[in-house]
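Engineer: Based on what follows, work out the 3D shape:
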Amino acid sequence: MKNLLPLLNPKSVCIIGASRKENSVGFAVLRNMVFSGFKGTIYPVNPFAESILGLKVYKRVEDLPEVPDVAVVLVKANLVPDILTECANFGIKYSIIISAGFKEAGGEGVILEEKIKKISREKKIRVLGPNCIGVMNTDPSVRFTTNFGSDMPLSGEIGFISQSGAICVAILDFAKAHGLGFSKVVSLGNKADINETEVLEYLGEDEKTKVILMYIEDLVDGKEFIKVARRISRKKPVLALKAGLSPEGARAVSSHTGSLAGSPEVYKAVFKQAGVLEVQSASELFEYATLFVSQPLPGGNRVGIITNAGGPGIVATDSCILYGLKVPELSERTKNKISPFVPSHASLKNPVDLLAEADAERFEIAVKALYADKNIDSIYFLMAPQRMIDIEKVAKMISKYARKKKKTFITVFMGLQDVEKGAKILEKEGLPVYRLPDAAARAISVAYKYKK
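Structural biologist: Predicted coordinates for the structure are as follows:
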């Protein structure tokens, strides 16, 4: 962790290739860093400008008034080796190379990347990238970003490591729309020097990171990854989306970052040995991360389902069983706590069907009863949209109990438009809310698997 600390928590940064052209990467990186509220000092470097965004511009690295912690490099690929050498000779220890046109481009790009590796080794300057968007640190005392694609993500407890800058930007945009926050985000690019294992180790020791998400195209050192990930995954969940599992996807990986995708079976074995939870899609990363961040791990695999619709309750039950969970019948004591407050034709077996007209008060009675039931480990709240229900009132009730964190609490608001106001209330609280029954069951199952 100490090795990468200055890279993610710099006190000063120089941006080599900062630009006045508003549609350029050099301008976007500088603008985002300035307007995200970076707490350190920024030194733009450009031989053809006097000032950009009110900041004094320096013509060369050696003109800087101090040695910055990090150099952000945005120049053309063929200029990068000389710039990196200049940075190292000036005493800079860390660099983030945003520029593309290296190993992923083939030909001359491969040679250029080998030069970067050699300079990094011989001059002892650490390199993140090339062909990446760098890092984002949402800590209020730091507020550091080198991203040119979007604003700073929301602050939270999720750490994200990605080999793809575009995947990074897309996931951050999706997360912001759903109220998910991040602690640190690291885009690896071609991994000429710094790799996923080093960053994983950093995030594993980072107190502000509770869950770690990874988008992986290849691993630099499988044995070292297993060693580090096994240690980290005992303390906090590590979820990985491995790209390039199909032959077609593997070819795409090679053209993207110049990496070798490797055998799917080998990666599955590596993740299993390392305690890493492999996911199959980007959506699953969020489904699980939200639960891990906001809820306690389930004490067992027994799920209590509360619903206002029989059909969806059956689907939820089937989904839970499919993913290895149990849906036990409720005790007579629990049933007796609910029965005086519901119509006689309501079902209290599990799933608990409180009928279509159930309001927030009726739902709360059932939630209280299942919370007190020692034979229930997770509460699965599923609601189908009904016009007679005050969805916002229901969401506020759910939020109150989910925040208690005495049991795993997960919510499904089926649909999109009619339940949107309620879903937004829960998302704003950082609580897990799903739109389909199987996603919720899968998330509980993965949390229980991790707990075991």
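Engineer: Please identify the helix or strand for Ala440.
Structural biologist: Per DSSP states H and E, Ala440 falls inside helix 437-451.
Engineer: Stretch 9-28: end-to-end distance?
Structural biologist: 20 Å (C-alpha to C-alpha, to the nearest Å).
Engineer: heads up, I number from 47, so please use that
Structural biologist: Done: numbering now begins at 47, and the last item shifts to stretch 55-74.
Engineer: and that stretch, what's its mean pLDDT?
Structural biologist: The pLDDT scores in stretch 55-74 average 97.
Engineer: Packing partners of the helix or strand hosting Lys230?
Structural biologist: Per DSSP H and E: Lys230 is located in strand 228-233. Helices and strands touching strand 228-233, as assessed by 3 or more C-beta pairs under 8 Å, 6 or more residues apart in numbering; DSSP states H and E, comprise strand 181-183, strand 201-208, helix 211-223, helix 242-251. (C-beta placed from N, C-alpha, C; glycine too.)
Engineer: quick one: it to strand 201-208, angle?
Structural biologist: 20 degrees (axes from the mean of the first three to the mean of the last three C-alpha atoms, to 10 degrees).
Engineer: what's the offset of strand 228-233 from the middle of its chain?
Structural biologist: Offset of strand 228-233 from its chain centre (C-alpha atoms, centre = their mean, to the nearest Å): 8 Å.
Engineer: for the stretch 247-396 of the chain, which spans come out with low pLDDT?
Structural biologist: 290-308 (pLDDT under 70).
Engineer: What are the boundaries of the strands in it?
Structural biologist: Along the stretch 247-396 of the chain, counting by DSSP state E, counting those that start in this stretch, strands occupy 257-262, 284-288, 323-325, 349-353.
Engineer: cool, the stretch 97-246 of the chain as well?
Structural biologist: Under DSSP E, counting those that start in this stretch, the stretch 97-246 of the chain gives strands at 97-98, 101-102, 116-119, 140-143, 172-174, 181-183, 190-191, 201-208, 228-233.
Engineer: Just give me how far the longest one sits from the chain centre.
Structural biologist: The chain centroid and the centroid of strand 201-208 are separated by 5 Å, computed with C-alpha atoms, centre = their mean.
Engineer: Next, the angle strand 284-288 makes with that strand.
Structural biologist: 40 degrees.
Engineer: buried residues in strand 201-208?
Structural biologist: Buried residues in strand 201-208, defined by neighbour count with 16 or more other C-beta atoms under 10 Å: Gly202, Glu203, Ile204, Gly205, Phe206, Ile207, Ser208.
Engineer: how about the second one, what does it touch?
Structural biologist: Taking C-beta atoms under 8 Å, 6 or more residues apart in numbering as the criterion, Glu203 is in contact with Gly227, Ser229, Lys254, Thr255, Lys256, Val257, Val339.
Engineer: Which one of those residues is nearest to Phe220?
Structural biologist: Nearest to Phe220 among these is Gly227, at 12.8 Å by C-beta to C-beta.
Engineer: quick one: the closest one from Leu323, how far?
Structural biologist: 20 Å (C-beta to C-beta, to the nearest Å).
Engineer: Not counting its neighbours along the chain, what's nearest Ile240?
Structural biologist: Leu174 (4.8 Å; C-beta to C-beta, 6 or more residues apart in numbering).
Engineer: neighbours of Pro90, just the number please.
Structural biologist: 27 (other C-beta atoms under 10 Å).
Engineer: among the strands of the stretch 97-246 of the chain, which is nearest Ser309?
Structural biologist: strand 201-208 (21.5 Å).
Engineer: could I get the closest one in PDB with only the CA atoms?
Structural biologist: Extracted in PDB, the C-alpha atoms of strand 201-208 (Å, rounded to 0.1, in the frame of the first residue of the first chain):
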ATOM      1  CA  SER A 201     -17.900   9.200  -2.900                       C
ATOM      2  CA  GLY A 202     -18.500   5.800  -1.400                       C
ATOM      3  CA  GLU A 203     -16.900   2.500  -0.200                       C
ATOM      4  CA  ILE A 204     -16.400   0.600  -3.500                       C
ATOM      5  CA  GLY A 205     -12.900   0.300  -5.000                       C
ATOM      6  CA  PHE A 206     -12.800  -0.400  -8.800                       C
ATOM      7  CA  ILE A 207      -9.900  -1.700 -10.800                       C
ATOM      8  CA  SER A 208     -10.400  -1.800 -14.600                       C
END
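Engineer: quick one: average pLDDT of it?
Structural biologist: 96.
Engineer: contacting residues for the residue nearest to Glu132 when sequence neighbours are not counted?
Structural biologist: Sequence neighbours aside, Val107 is the residue nearest to Glu132 in space, at 5.0 Å (criterion: C-beta to C-beta, 6+ apart). Contacts for Val107 (C-beta under 8 Å, 6+ apart) come out as Cys60, Ile62, Val91, Ala117, Ile129, Glu132, Cys133, Phe136, Ile138.
Engineer: Next, count neighbours for Pro389.
Structural biologist: Residues lying near Pro389 (other C-beta under 10 Å) number 11.
Engineer: Report the contact partners of it.
Structural biologist: By C-beta under 8 Å, 6+ apart, the neighbours of Pro389 are Leu401.
Engineer: care to break this protein down by domain?
Structural biologist: For the chain, automatic domain parsing gives the domain ranges 47-177, 199-340, 342-497.
Engineer: End to end on the longest one, go ahead and measure it.
Structural biologist: Spelled out, it's domain 342-497. Terminal-residue distance, domain 342-497 (C-alpha to C-alpha): 10 Å.
Engineer: tell me how far that domain is from the chain's mean position?
Structural biologist: On C-alpha atoms, centre = their mean, the centre of domain 342-497 falls 25 Å from that of its chain.
Engineer: cool, and stretch 338-354?
Structural biologist: With C-alpha atoms, centre = their mean, you get 21 Å for stretch 338-354.
Engineer: Give the buried residues for it.
Structural biologist: Along stretch 338-354, these residues count as buried under the neighbour rule (16+ other C-beta under 10 Å): 338-342, 344, 347-354.
Engineer: ends of it, how far apart?
Structural biologist: Start-to-end, stretch 338-354 (C-alpha to C-alpha) is 26 Å.
Engineer: Stretch 57-68 now?
Structural biologist: 26 Å.
Engineer: what's the answer for stretch 457-467, then?
Structural biologist: 14 Å.
Engineer: In it, which residues are buried?
Structural biologist: Result for stretch 457-467 [16+ other C-beta under 10 Å]: buried residues Thr457, Val458, Phe459, Met460, Val465.
Engineer: you'd agree the last one is up against Ile437?
Structural biologist: It refers to Val465. Yes. Using C-beta atoms under 8 Å, Val465 is in contact with Ile437, at 5.8 Å.
Engineer: Overlap in contacts, those two.
Structural biologist: Between them, Val465 and Ile437 share the contacting residues Met429, Pro431, Phe459, judged by C-beta under 8 Å, 6+ apart.
Engineer: Out of the residues you listed, which comes closest to Lys314?
Structural biologist: Phe459 (33.4 Å).
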